[in-house]
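Peer 1: From the sequence below, what's the structure:
(3 chains)
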Amino acid sequence: MKIFYSSPWVPAEWIKAHGFEPHGIWSAAADPTITKPEGVCAFAQQFPAFLKTFPHTALILTTACDQMRRAADIADRSQARVFLFNLPATWQTPSVQQLYLSEIERLGRFLVKLGGRAPPPEELETVMLEWDRRRQTLRDLLPRVRPRQAAELLMKFFDDGTVPALLPPTPSRGVPLALIGGPILQSQLDLLDRLESVGGGVVLNATEPGERCLLPPLPPRLPGQRPIVVLANHYFAHSIDVFHRPNSRLYNWLATRLDERHVRGIILSAHVGCDLWRAEAASLREAFGLPVLLLDEHEIRNVGPRDLTRLGAFVESLR
Amino acid sequence: MNAVLRQLTLEEWDSHYAELARQGLREPAYGGPLRRHVEQEHDLRLSQLRFDPSPAALRLWNFLLTENHRLRIARFHGDKLVGAMKDLGTVPVLAYALPGVRAFYPDGAWWTPCLMECSDRLLQQAETLGIDASFCPVRAMLGAFENEQHFPLPDLLVCSAGAVCDDFSAIAQRLEHRGHPVLWWEIPRRRLPEPGEASCALPGGLFAPQAQVDCVREELERIAVALGILAGCELDLPRLQNGIREANRVRAQLGELRHAVYAAPGSPLPALEMLIAEMLAIHFCSDREECLEILADLTTEARHRAQTRQFIAGENAARVFWINPVADLRAMNLLEACGGRLCGTDFMFTHALDLIPEDLPGLDALARIALADPMAGSALDRARRIVLECRKSRAEAVVVSRIPGASHCPWETPLIQDFVREQMGLPVVEVEIPPVCDALIPALRTRLQAVMEIAWSRRTI
Amino acid sequence: MVQKNNMICAGIDAGSRTIKIVLFDHAQSKVMASAITDQGVDQPRLAGELYDRTLRETGLDRTRVRRVVATGYGRNRVPFAHTTITEITCHACGVHHVMPDVRTIIEIGGQDSKVILIENGGRVRDFAMNDRCAAGTGRFLEIVATRMGVDLPRLSELSRDSRQPAIISGTCVVFAETEIVGLLAEGIPPADIAAGVQNAIATRVATMAGRTLAPPVCFTGGVALQVGMIRALENTLALPVRVAPEPQFTGALGAALLAGREVAGFR
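Peer 2: Numbers count the residues shown, from 1 in each chain, chains lettered A, B, ... in the order given. Just a heads-up that it's a prediction; the model follows:
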């Protein structure tokens, strides 16, 4: 059975270790529909009916945002194949770290109810190490390929966990840009090519599933430490997202990379109805002193002549 | 024979006040004619509102409209000020348990653009800070922090995170980015206990896993320590228990007021004053004792009117259950103007109306109350409670007031509407109320009148 | 002075774009006259003139009318009305009179749209309105027609020839207008654009109705004269949609009927 998960902070290894195929939602999600109730996030609005499009699967939603929580309210009414994972917004205290671990354990019980098998620790560790190795391969590949290709690699990894072994280097070109924001769907990756066509090159993809979703290498397991604890602590410590309170981890993570990669401008992508990302536009500008261009999701999906002009003008202003 | 009491305009209150003064009206230090708030504080909206004619209502309005001044005086006298954001009714209970500490509610600045008819420019200021009209009117708080012309900057800012609405969370984070440190605390999204999990009963007939209650309790412990450091003394058990008892006195009094008004055959107090009175439950408008007296006064007035059959809205008025507070206070006057009356409410803080258990350790009791927040759980839980309340209050119609920009409303509203219709077959109308709704009055009037017409037509069956 | 033994009542629907009147004889249970005029700044005068002209053409005067009920957006500015009732109740009453089996009414006017659910006996069970956004109203069709250089009846005819309706994604009619300019520039056939706009309106209405919509469905209001919109609604709802006879007048008819009930002592 396929298990779709909607957040990079739900450990795909955990799902895999239970005998399922984890699939990130970003490849499967449909284009946001045209007409939706005002104020509803275009990304979240498809989840209540998701399982009708994908029968014989299950869906893991999270509490990362109110929109997703509310979508889960409605999705949950109709079927028992939806799991709402409580992702803590705060990250500073042992009690919320414990909360995160207990949610992973609770997810495990859900997966067993679906027909999965609780993995023995050594099997879980094997999957964790394999995933870790794949992430390292991805980290090695990403700087060597063009932005679109890099985004496709990340999308593929978060879709089914696969990473190609080797790719010929095709360096990026253009004014170095950062693409920051929330979920970007498979169908929206054209944006990266369009940016290149107007002279920009995304050297930092901090969307979802972008580079910020790629965890650093696993630490070695301490004697007596359970693999699930290692997994939980690792994810908890290295989740980089806008919904955290405070979201200083996101800013610290961005600061290092924006500087290293000499980024000259930020493109902030936000789904219509997404308050969390949209609100960061001014803070990003103030924090990094860089120009910020806010793109709505329908502009990303369908970069028309008007939007191309905006992108082109933005890139020109950075030269 | 029922007498219908007329609500007064501001001008009419001027003469009425003069008459009351001649009759020996006794007022607290913050009392006085309502007009002075227009002239001195630019609360221009008062000229558009209709007010209850009682001295109790006058005291309520003066209490509300002098809060910022009261906070400044408290600061001058050495009190520490705590801004309790988002959670509605939990942190203030802790704060007021300590001597020399007052909690207030910066989010309450959302009424400032309404009261000042946007002459405050707080919403424009929020927009220049990157928070535009796609966010809820609480964004006015950002402007208030920037220009410091409304409430004084608090000594400590506390804000809940997790199961909270996105727009508020974004606004609070923006505030922190603007240099106002925030003590964040986690409120997990409430869920039902799973088989094998230890379960905990919450007020309001809800349940949650014990693990969630434990998590929130630990968070409240952290806040209690921070408050103790601020106050210069520990928030120990006796202080906490006393604070809970005092908070419960306010909640109990408000419960009596709600019963006196909503259960009466006609409505003895107007919808607008009831909205303001209920809001006092959250943070006592920065003076817990005074808040208690005002609620007691209003209860006495309501009971007297019910006994003598003097009503703001007569027995023929359609009984309306109102969901969510309104950004423009004028909308509450419209309810009665369209032939309705409040019979019950859910202003998003029903957990602040429930009594805090006094037979449990203090922080445990508060953790349970915090988790009972209707916004922390599923919309279905909230809808169930609404239906229960509608049945108890014999509601004939339901109004869901949508808060523009609030992330929960577009999801919750259809679910609540569908559930109420399925369970009770009541007409449900949605109204969106921006901070100044003047241009929408005809459209709002049509919606409200239509739902009254449905309610009345059902009575003939 | 009104003659007490007659039962002629008048319903005035003062909408945002037009004012309509229906004179109804309750003794014979028939419509005596109906008329329409454009709305304007001086609505009380315009409504009065429409009233008097219609009476004159029917051989009547104001003394012959027993009761007047006003409805619609401008209902509170009809000085000669005895009472006002919202257009929700009036449309429900009007449609029920001509189509008693209908359970859902879709009314799309110039500036708003409504879905009204009816119980047995014609009582309103519930309703939903879009009165804050031009997308989903007749206004949207007018803007598109103007942009395409055709009138509204022609726009409706055009959509019949559509092979592949364009997708209009703008949530706001102003942005949607920009999209239409873009589609025309890219050579998308006008028929497809017309059909796309009609589909967008129909989808908005369907979203408003949610899951509560129950057949039979009646379409009324001025936009119901657009055949293309009927098609679009039927396709979107996957239900047959019947059009009320003289759909612009159902509100005024309902008002006149309710006036008669008021005279009889009940509503």
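Peer 1: Up against chain C, what does chain B have?
Peer 2: Contact residues (C-beta under 8 Å from any C-beta of the partner chain) of chain B with chain C: B:414, B:418, B:421, B:425, B:427-430, B:432, B:440, B:442-443, B:446-447, B:449-450, B:453-454, B:456-458, B:460. Glycine gets a C-beta too; all of them are placed from N, C-alpha and C.
Peer 1: Mind checking which of those land in helices?
Peer 2: Using DSSP state H, the subset of the residues of chain B next to chain C located in helices is B:414, B:418, B:421, B:442-443, B:446-447, B:449-450, B:453-454, B:456-458.
Peer 1: Now render these as a markdown table, adding distance to chain A and pLDDT.
Peer 2: Output for these, formatted as a markdown table (distance: C-beta to the nearest C-beta, whole Å; pLDDT from 0 to 100):
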| residue | distance to chain A | pLDDT |
| --- | --- | --- |
| B:414 | 7 | 89 |
| B:418 | 10 | 91 |
| B:421 | 15 | 93 |
| B:442 | 20 | 86 |
| B:443 | 15 | 88 |
| B:446 | 19 | 93 |
| B:447 | 16 | 94 |
| B:449 | 24 | 96 |
| B:450 | 21 | 96 |
| B:453 | 26 | 95 |
| B:454 | 23 | 95 |
| B:456 | 30 | 94 |
| B:457 | 29 | 92 |
| B:458 | 28 | 92 |
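Peer 1: Which members of those are classed as buried?
Peer 2: For these, a burial check counting by 16 or more other C-beta atoms under 10 Å in any protein chain shown picks out B:414, B:418, B:421, B:443, B:446-447, B:449-450, B:453-454, B:456-458.
Peer 1: Report the two of the residues you listed separated the most.
Peer 2: Farthest pair in these (C-beta to C-beta) is B:414 and B:456. Separation: 25.5 Å.
Peer 1: So which residues of the chain form helices?
Peer 2: Picked chain A for this. For chain A, helices defined by DSSP H occupy the ranges A:12-17, A:25-28, A:50-53, A:66-78, A:94-113, A:121-141, A:147-160, A:190-197, A:227-238, A:248-260, A:275-278, A:280-288, A:297-301, A:305-318.
Peer 1: I was after chain C.
Peer 2: If DSSP H is used as the criterion, the helices of chain C fall at C:43-57, C:87-98, C:138-148, C:152-159, C:173-185, C:190-209, C:227-237, C:250-264.
Peer 1: for the ones you listed, which one sits closest to residue B:182?
Peer 2: Closest to residue B:182 of the helices of chain C is helix C:173-185 (C-beta to C-beta; 36.2 Å).
Peer 1: right, quick check: that closest one against chain A, any contact?
Peer 2: Yes: using C-beta under 8 Å from any C-beta, we find that helix C:173-185 touches chain A at C:178, C:182.
Peer 1: What residues does the stretch 1-150 of chain B have near chain A?
Peer 2: Residues of the stretch 1-150 of chain B lying near chain A by C-beta under 8 Å from any C-beta: B:129, B:130, B:131, B:134, B:135.
Peer 1: Closest to residue C:37 out of these?
Peer 2: Out of those, the member with the shortest distance to residue C:37 (by C-beta to C-beta) is residue B:134, at 40.0 Å.
Peer 1: helix, strand or coil for the nearest residue to the closest one once chain neighbours are set aside?
Peer 2: Of all residues not flanking residue B:134 in the chain, residue B:405 sits nearest, at 5.6 Å (C-beta to C-beta, 6 or more residues apart in numbering or on different chains). What DSSP: H, G, I helix; E, B strand; the rest coil gives for residue B:405 is coil.
Peer 1: show me the contacts for residue B:405.
Peer 2: Contact analysis of residue B:405 by C-beta atoms under 8 Å, 6 or more residues apart in numbering or on different chains lists A:39, A:275, B:133, B:134, B:135, B:136, B:137, B:139, B:167.
Peer 1: Who are the contact partners of residue 151?
Peer 2: You didn't say which chain, so I picked chain A. A:184, A:189, A:192, A:202, A:205, A:210.
Peer 1: please go with chain C instead
Peer 2: When contacts are counted by C-beta under 8 Å, 6+ apart, residue C:151 touches residue C:145.
Peer 1: From residue A:130, how far out is it?
Peer 2: In this structure, residue C:151 and residue A:130 are 67 Å apart, going by C-beta to C-beta, to the nearest Å.
Peer 1: rewinding a little: out of the residues of the stretch 1-150 of chain B next to chain A, which two sit at the greatest distance?
Peer 2: Put simply, by C-beta to C-beta the two of the residues of the stretch 1-150 of chain B next to chain A set farthest apart are B:129 and B:134, 13.7 Å from each other.
Peer 1: of these two, who's got more company?
Peer 2: residue B:129 (22 against 16; other C-beta atoms under 10 Å in any protein chain shown).
Peer 1: I'd say that one and residue A:282 touch.
Peer 2: Yes: Residue B:129 is in contact with residue A:282 according to C-beta atoms under 8 Å; the separation is 5.8 Å.
Peer 1: closest point of chain B to chain C, which residue?
Peer 2: Ranked by C-beta to the nearest C-beta, the top residue of chain B for proximity to chain C is residue B:450, at 4.0 Å.
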